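Chemist: need a structure here:
(4 chains)
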2 protein chains.
Amino acid sequence: MTNQREKITIQQIADYADVSISTVSRVLSGNAKVAADKHEAVLAAVKALNYRPNMFARGLASGQSMTVGVITQHISSPFYDAITKGILEVFEDSPYSPLIVDGQWKLEIEKRALHTLQNRQVDGIIVVGGNLELETLKAFDQHTPVVVVAREIEDFKERCIYTDNFQAAYNATQFLIRAGHKEIAHISGLLEHPDANLRLQGYKQALIDANIPYREDLIVHGNFLPQSGLLAVEALFTRNQTFSAIFCANDQMAMGTQLALYRRGIRVPADVSLIGFDDQPASAFMTPPLTTMRPPAEEMGRSAAAHIFSILKKMPYEAQDHTCELIVRESVSRVR
Amino acid sequence: MTNQREKITIQQIADYADVSISTVSRVLSGNAKVAADKHEAVLAAVKALNYRPNMFARGLASGQSMTVGVITQHISSPFYDAITKGILEVFEDSPYSPLIVDGQWKLEIEKRALHTLQNRQVDGIIVVGGNLELETLKAFDQHTPVVVVAREIEDFKERCIYTDNFQAAYNATQFLIRAGHKEIAHISGLLEHPDANLRLQGYKQALIDANIPYREDLIVHGNFLPQSGLLAVEALFTRNQTFSAIFCANDQMAMGTQLALYRRGIRVPADVSLIGFDDQPASAFMTPPLTTMRPPAEEMGRSAAAHIFSILKKMPYEAQDHTCELIVRESVSRVR
DNA sequence: CTGTTAGCGCGTTCAC
DNA sequence: GTGAACGCGCTAACAG
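Modeler: All right, here's what the predicted structure looks like:
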C-alpha cells in the first residue's frame, strides 16, 4: 500500500516504464494495440507506483463521466428499495458508478434532480417510477440515454422496464374467484398512479370474465400507505357493505386492512380472505401470512442497469419479460 | 430553456458580459470582490446563456469533487434504509452529491467500495454500519474525512453518530419487568454485531437491577432475520422453557416470533408479551401491533450528513444526542 | 505501433 | 478591482 501523496500521474508511470504518456493511456484504456513488452512494463509501473487515474482529468478530456444517474422515489414502498438494490448490484462489477438522487414522487423535485444529474454530466440515467412526463424524458434522452423502471410509458416502451400490472391484478382476483368468492372488495392505490389504475382494471376484468358484476360500492380508494388500508375497511363497514374477500393494491394497505379486521374481531382468512401486492418482506410474517403478488423487483432493477449499460456501450439489448408471481399463503381460504 | 448544445463555458459568458474569465470565475465562486455592475453583468450572462459549470474542469482545477461517498449496507433492515433517506435529505439542498455504494456487510466488499470512492476522489465519506476496522477507517480519514453512522467505534467516537443500544434494551426490558414479567426470553441478533451484543447486555443488566436472575436458558441467538425469530421460538419450546414475555433484538425477528407463536395457538399479548426493536414501518400494522424501540434513524442520517458537511467546510459541529423511544403498542400486557 | 502536441474548462497566481 | 497566463491530468488527433 504505497500511498505516497497520491500524486502519481501517467507521466510518472510513463517515465518509470520508459515509454510515452500516450502509450500508457493506450494500455490503460485498451483502445489500441501496444507491443507486449511495453504493455507489461506499463502494467508493472502502474502496480509499482500504485497509480490511480484521475477521474476529473479523464472526464474533462473524454467527455465521459463513467457515472449514471439514478432517480429513485425513496418513499412509501419497499418495492422501490428492492429495485434500487438490483440496480446497485449490477453497477458493482461495472466501470460505472451510480449517482443516486431522491425524487420523492414530486414532479418538481424530480426535475431538480434531473438538473443535478445534468450538471454532473452523467452518461445516462435510470428513472425509477416517478412522475416525469414523457416529453421531459424524451428531451433528456436526446443527449443522454434514459431508461425507466417500474413504469410503462406509452411511446417510450422500448426504454421501459415494467411488469404487467393489469395481468397480475387479474390473476390475483381470479384466484379469489376460483376459491369461490363472489363479493370481492378492492382497495385501490392512488389512481393518479398508473399502476394503481392498471390493478383496478385487472380486478375489474377478472370479475367481468367470470360473470360477476363489477360494483363500485365494493371499491375504496386508498393511497398505498398502510393507514389507508385501515380506513378503507372502516369505509366498507360504514357503507354496510358485505364481502368475503379483499384485494388490496399493495401489501402495505393489506397490512392496514388486516389490522382493521383484527380489531373488529374479523378473522383472516376464516371470515374474510385477503390478497396484497408486492410481497414485501414482512408479508410472509404477518399473522396470518399474507397472500400476495410478487413483482420481480430486484430483477427489474438489474435489467434496467443492464439496459442502460448496453446503450452506453452501443451494444444490442435483448428485452426480458418480468412477470409477477402469486405467492399463496394463509390469508386466503376456500368458500364453501 | 435555451439548451444550445451545452457548450457554454466561462469564456463565453466572459465575452457576453464583456469581462475577463477570471472575473467570471470570481463572481461564480464568490471568493473575491467584484464591482457591482460587472457582478450583475456576469449573473445576467449566466442566466441568458443558461450556463452550467463543468464539474470536471472544476474538479481538475480545484481538487474538489463536491461529492461524498456513502457506504450503505443495503440488506436485511429497513433501519438502514431510513438512515439513507435521512442522509439523502440533507444532501438535497447542499452543493454536494452523494455517491452511494453497497457494502453488503461484507468486509471485502466494503473495502472495494472504499477503493471505488477513493478513485472517484470523493471529498469525504459516510459509512453506515458495516465491518470496516478502525485502522482502515483512520487511515482513510487521514486524507479524506470519515463519518460513521449507526455504529459506535471505540477511539473514533467523535466521528460516530449512534444511539445507546444498551440503554434502549435496558429500558425495553425494564418495561416488561414493570408490567410484572419475570420470565423474559431474549432473542438476540448476530453477536458479531456490536448492536446485538449491547442489546443483550442491556437486557441482562435490567434483569440484574430488578433482582431477577439472568438465565442462559432464556436466551436464543438469532441473526436479525425474521426466519430466525421463528426458529428461536421453536428452540425455546424444544428446551421446554416457560416464559411470559420475549424481547427480540429487532422487529424482523419479532415478526417471525409472532408468527411462530400464532401457529402454536399462543396469543399475543394474552399468553405472551412481545417487544421488538427498530420500529420498522410494518410493525404498527401487525396483528397485534408490535411494541418496539424506535431509534431515530432518519435523524441519525441527517446528523451524519450535517457532520461531514461541517467538517468539509471546516466549521464546528455540535454533536447531538440520539436516543431511542419506546413505542408501546398492543403486544404487551400486564401480568396479574 | 509509438511519441508529440493541442486542447478539455476552470481556478489561481501574478502583474497591472 | 481586474485581466493575462499558466497548469491541473488526461484523451485524441496528428505525424512519424
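
Chemist: Can you check the pLDDT for the residue lying closest to A:L198 once chain neighbours are set aside?
Modeler: Excluding its sequence neighbours, the residue lying closest to A:L198 (C-beta to C-beta, 6 or more residues apart in numbering or on different chains) is A:N165, at 3.8 Å. C-beta coordinates here come from the backbone N, C-alpha and C atoms, glycine included. For A:N165, the pLDDT comes out at 96.

Chemist: What's the local residue count around A:N165?
Modeler: Each residue near A:N165 was counted by other C-beta atoms under 10 Å in any protein chain shown, and the total is 24.

Chemist: how close does the residue of the stretch 101-250 of chain A found nearest DNA strand D sit to DNA strand C?
Modeler: Per C-beta to the nearest atom of the strand, A:D123 is where the stretch 101-250 of chain A lies closest to DNA strand D, at 12.8 Å. To DNA strand C, A:D123 is 16 Å away according to C-beta to the nearest atom of the strand, to the nearest Å.

Chemist: Check A:A270 too.
Modeler: Counting by C-beta to the nearest atom of the strand, the gap from A:A270 to DNA strand C is 68 Å.

Chemist: That residue: how many residues sit nearby?
Modeler: For A:A270, the neighbour count with other C-beta under 10 Å is 9.

Chemist: right, and it touches A:V332 too?
Modeler: No - the pair A:A270 and A:V332 does not pass the contact test of C-beta atoms under 8 Å, sitting 11.1 Å apart.

Chemist: Next, the buried residues of stretch A:205-213.
Modeler: Going by neighbour count (16 or more other C-beta atoms under 10 Å in any protein chain shown), the buried part of stretch A:205-213 is A:205-207.

Chemist: follow-up on the earlier one: who's in contact with the residue of the stretch 101-250 of chain A closest to DNA strand D?
Modeler: Residues in contact with A:D123, defined by C-beta atoms under 8 Å, 6 or more residues apart in numbering or on different chains, are A:64-68, A:96, A:144-145, A:312.

Chemist: By neighbour count, which of those wins?
Modeler: Among the contacts of A:D123, A:V68 has the most neighbours (other C-beta under 10 Å), with 26 neighbours.

Chemist: Look at it and give its secondary structure.
Modeler: What DSSP: H, G, I helix; E, B strand; the rest coil gives for A:V68 is strand.

Chemist: next one: A:V148
Modeler: strand.

Chemist: What's the local residue count around it?
Modeler: Neighbours of A:V148 under the rule other C-beta under 10 Å: 26.

Chemist: where along the stretch 151-300 of chain A do the strands fall?
Modeler: Using DSSP state E, counting those that start in this stretch, the strands of the stretch 151-300 of chain A run over A:160-161, A:184-188, A:219-221, A:245-248, A:273-277, A:291-294.

Chemist: Adding mean neighbour count as columns, could you present the ones you listed in a markdown table?
Modeler: Converted to a markdown table, these look like this (neighbours: other C-beta atoms under 10 Å in any protein chain shown):
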| stretch | mean neighbour count |
| --- | --- |
| strand A:160-161 | 24 |
| strand A:184-188 | 27 |
| strand A:219-221 | 19 |
| strand A:245-248 | 30 |
| strand A:273-277 | 29 |
| strand A:291-294 | 25 |
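
Chemist: Get me the contact residues on chain A for DNA strand C.
Modeler: Near DNA strand C, the residues belonging to chain A are A:19-23, A:26, A:32-35, A:38-39, A:57, A:60-61 when assessed by C-beta under 7 Å from any atom of the strand.

Chemist: The residue lying closest to A:T163 once chain neighbours are set aside: what's it in contact with?
Modeler: Using C-beta to C-beta, 6+ apart and skipping residues adjacent in sequence, the residue nearest A:T163 is A:H322, 4.4 Å away. Taking C-beta under 8 Å, 6+ apart as the criterion, A:H322 is in contact with A:161-163, A:295-296, A:299-300, A:303.

Chemist: helix, strand or coil for A:L137?
Modeler: Applying three-state DSSP: A:L137 is helix.

Chemist: Return the residues of the stretch 201-336 of chain A in contact with chain B.
Modeler: By the rule C-beta under 8 Å from any C-beta of the partner chain, the part of the stretch 201-336 of chain A lying against chain B is A:226, A:229-230, A:252, A:255-256, A:258-259, A:262, A:280-282, A:284-289.

Chemist: tell me the domain ranges of chain A?
Modeler: A:10-53, A:64-163+A:297-322, A:165-294 (automatic domain parsing).

Chemist: which stretch among these comes nearest B:Y214?
Modeler: Of all those, domain A:165-294 sits nearest to B:Y214, with 28.5 Å by C-beta to C-beta.

Chemist: returning to what we had before: quick check, nearest of the contacts of A:D123 to B:F156?
Modeler: Closest approach between those and B:F156, by C-beta to C-beta: A:T67, at 30.0 Å.

Chemist: which residues sit in contact with the closest one?
Modeler: So A:T67 contacts A:96-99, A:120-123 (C-beta under 8 Å, 6+ apart).

Chemist: Repeat that for A:P281.
Modeler: A:78, B:226, B:252.

Chemist: ok, for the residue nearest to the spatial centre of chain A, nearest residue in space, not its chain neighbours?
Modeler: Ranked by distance to the mean C-alpha position of chain A (C-alpha atoms, centre = their mean), the top residue is A:I83 at 3.5 Å. Leaving aside its sequence neighbours, A:I83 sits nearest to A:G301 (C-beta to C-beta, 6+ apart; 4.0 Å).

Chemist: The one you found contacts A:D81, correct?
Modeler: No - contact criterion C-beta under 8 Å: A:G301 and A:D81 do not qualify, at 9.6 Å.

Chemist: which residues touch the residue nearest to the centre of chain A?
Modeler: Neighbouring residues of A:I83 by C-beta under 8 Å, 6+ apart: A:72, A:128, A:149-150, A:297-298, A:300-301, A:304.

Chemist: A helix includes it, no?
Modeler: Yes - assessed with three-state DSSP, A:I83 lies in a helix.

Chemist: Tell me how far it lies from DNA strand D.
Modeler: Applying C-beta to the nearest atom of the strand, the value for A:I83 to DNA strand D is 32 Å.

Chemist: Can you list the low-confidence ranges for chain A?
Modeler: Scanning chain A with the threshold set as pLDDT under 70 gives A:1-6, A:75-76.

Chemist: Show me where it has its helices.
Modeler: For chain A, the helices defined by DSSP state H occupy A:10-17, A:21-29, A:36-49, A:55-62, A:78-92, A:107-119, A:134-143, A:165-178, A:194-209, A:226-238, A:251-263, A:297-312.

Chemist: I'd like to know which of these lies nearest to B:G103.
Modeler: helix A:78-92 (10.4 Å).

Chemist: still on that earlier bit, and the residue nearest to A:I83, how far from A:T173?
Modeler: 27 Å (C-beta to C-beta, to the nearest Å).

Chemist: now do A:C248
Modeler: 11 Å.

Chemist: shared neighbours of these two, anything?
Modeler: A:H186.

Chemist: ok so, going back, which among the residues of the stretch 201-336 of chain A next to chain B count as buried?
Modeler: Buried among these by 16+ other C-beta under 10 Å: A:226, A:229-230, A:252, A:255-256, A:258-259, A:262, A:280-282, A:284-289.

Chemist: before we move on, back to that, of the contacts of A:I83, which pair is most distant in space?
Modeler: Once C-beta to C-beta is applied, the contacts of A:I83 give A:T72 and A:E298 as the farthest pair, at 13.9 Å.

Chemist: Which one of these two is surrounded by more residues?
Modeler: Ranked by neighbour count (other C-beta under 10 Å), A:T72 and A:E298 place A:T72 first, with 26 against 17.

Chemist: and the more buried one, what does it touch?
Modeler: By C-beta under 8 Å, 6+ apart, the neighbours of A:T72 are A:80, A:83-84, A:100-103, A:128-129.

Chemist: same question, A:H186
Modeler: A:H186 neighbours (C-beta under 8 Å, 6+ apart): A:173, A:200, A:203, A:218-220, A:246-249.

Chemist: That one and chain B, how far apart?
Modeler: 19 Å (C-beta to the nearest C-beta, to the nearest Å).
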